[in-house]
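In: here you go, sequence then predicted model.
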Amino acid sequence: MLRSIILVTLLISSVCALHLEMHKEESNGNETDEGSGDTKTEQLPGVCWACKWAMKKLKKQISNGATSDEIKKKLSMVCDEIGFLKSMCMKLVNKYTDTLVEELSTTDDARTICANIGVCKK
């Protein structure tokens, strides 16, 4: 029982810290350069994992001949299944929609796609 309480407390603390960091970034107006690969988003815990999770899921769902509209539709729905990282996932998808559509049309794996948009280290 004590382990469960500690685990839940740590989980809640992590989510609160993540939310605070995202709020600080938004309030500072820090817009990062997409091409730099060294973005503020990369520093947020969980963003790389969330990106890889979403891209792996999408790669399994998208056929080789999928149109950009089909990919956009799947992109808009993929974050619904990620749990407490849903808002972070949606921000990521909304910010990089066009780039992700292009990347998902290639044979790149999930890690490469996330590194190319700058949320994971190369």
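Out: That came through fine. Residues are numbered from 1 along each chain as shown.

In: center of the protein, which residue is that?
Out: Against the mean C-alpha coordinate of the chain, by Cα atoms, centre = their mean, the closest residue is residue 51 at 3.4 Å.

In: surely that one meets residue 93?
Out: No. Between residue 51 and residue 93 there is no contact under Cβ atoms under 8 Å: 9.2 Å. The C-beta positions use only the backbone N, C-alpha and C, and glycine is treated the same way.

In: show me the strands in the protein, by range?
Out: Read by DSSP state E, the chain holds no strands at all.

In: which residues of it score low on pLDDT?
Out: Judged by pLDDT under 70, the chain has its weakly predicted residues at 10-11, 15-45.

In: just the helices in it please.
Out: Counting by DSSP state H, the chain has helices at residues 2-28, 47-61, 68-78, 86-95, 97-104, 110-116.

In: pick the most buried one from these.
Out: Greatest average neighbour count among the helices of the chain goes to helix 110-116 (a mean of 20), per mean count of other Cβ atoms under 10 Å.

In: using PDB, write down the CA coordinates of that one.
Out: Extracted in PDB, the C-alpha atoms of helix 110-116 (Å, rounded to 0.1, in the frame of the first residue of the first chain):
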ATOM      1  CA  ALA A 110      10.100   6.300 -35.500                       C
ATOM      2  CA  ARG A 111      13.400   7.400 -33.900                       C
ATOM      3  CA  THR A 112      14.700   9.000 -37.100                       C
ATOM      4  CA  ILE A 113      11.400  10.800 -37.700                       C
ATOM      5  CA  CYS A 114      11.500  12.300 -34.100                       C
ATOM      6  CA  ALA A 115      15.200  13.200 -34.500                       C
ATOM      7  CA  ASN A 116      14.500  14.900 -37.800                       C
END
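
In: could you say what helices and strands it packs with?
Out: With contacts taken as 3 or more Cβ pairs under 8 Å, 6 or more residues apart in numbering; DSSP states H and E, helix 110-116 sits against helix 47-61, helix 97-104.

In: closest one to residue 83 among the ones you listed?
Out: helix 47-61 (9.7 Å; Cβ to Cβ).
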